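K.L.:
what follows is a predicted protein model with its sequence.
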Amino acid sequence: MVSVRGKQRNHRRGRITKTNYGKLRKKAYNKENKVIITNELIRKNWDKSKTIKENFADLGIVADPNAQYRTTHRKKTQGDAEVEFANLSDYMTAEETPIVKKMIEESQHSSSSIRHFSPTEAALWGGLLADHGSDYKAMSRDKRNTHQHTPKQIKRKIESYLKFKSADHKTRMGPVG
């Protein structure tokens with residue numbers, strides 16, 4: 001611990017500094033709320049000197065999709081409700097920037113990802129399928145359905161399981177199903 005005379009000496013020399021909590025809070029906020037652009041095409045055409053909205057406008061992308069279609073005129077009536085809708089053709093832009101065209105091309109060529117099933121999950125859905133066929137109600141009442149999936153949930157899971165099985169995916173433990 002520094003004595004009083006040591007504190008005075010350090011103060012004269014300019015060594016005593018207080019913790020600036022505002023600065024630390026600002027650093028933490030900036031670190032948490034950093035804008036990370038995952039799309040490579042947008043990242044290449046991003047101008048760091050502009051704001052997010054300006055960059056989106058230059059790229060031909062809408063920053064807030066709801067802002068484009070908001071109406072300023074609304075009628076509120078009691079009883080029989082009258083609703084006015086804005087004409088969407090007023091808001092549509094016919095111009096597509098080259099970046100938007102490239103993004104559309106990329107989205108058309110991308111393949112959908114196939115959900116991975118663990119060996120135990122694959123055994124469960126394979127066993128239910130073998131026992132009950134396409135009777136999803138019976139599957140939902142089966143004692144192996146410990147998570148109590150509904151027939152509709154089971155139908156979706158079986159469909160994705162069949163996609164997974166037909167894609168001939170293999171796990172670390174070997175072929176599945």
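P.N.:
That came through fine. Residues are numbered from 1 along each chain as shown.
K.L.:
and the longest helix along the chain, what other elements does it pack with?
P.N.:
The longest helix of the chain (DSSP state H) is helix 151-166. For helix 151-166, the packing partners by 3 or more CB pairs under 8 Å, 6 or more residues apart in numbering; DSSP states H and E come out as helix 119-132, helix 136-141. Just so you know, the C-beta spots here come from the backbone N, C-alpha and C atoms, and that holds for glycine as well.
K.L.:
tell me the angle it makes with helix 119-132.
P.N.:
Interaxial angle of helix 151-166 relative to helix 119-132 (axes from the mean of the first three to the mean of the last three CA atoms, to 10 degrees): 110 degrees.
K.L.:
keeping just the C-alphas, turn helix 151-166 into CSV.
P.N.:
Output in CSV follows, covering the C-alpha atoms of helix 151-166 (Å, rounded to 0.1, in the frame of the first residue of the first chain):
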residue,chain,number,x,y,z
PRO,A,151,-48.6,-37.2,-35.4
LYS,A,152,-47.8,-34.1,-37.5
GLN,A,153,-44.4,-33.7,-35.9
ILE,A,154,-43.6,-37.4,-36.5
LYS,A,155,-44.7,-37.1,-40.1
ARG,A,156,-42.2,-34.2,-40.6
LYS,A,157,-39.4,-36.0,-38.8
ILE,A,158,-40.0,-39.2,-40.8
GLU,A,159,-39.9,-37.2,-44.1
SER,A,160,-36.6,-35.6,-43.1
TYR,A,161,-35.3,-39.0,-41.9
LEU,A,162,-36.1,-40.6,-45.3
LYS,A,163,-34.3,-37.7,-47.1
PHE,A,164,-31.3,-38.3,-44.8
LYS,A,165,-31.4,-42.0,-45.5
SER,A,166,-31.8,-41.6,-49.2
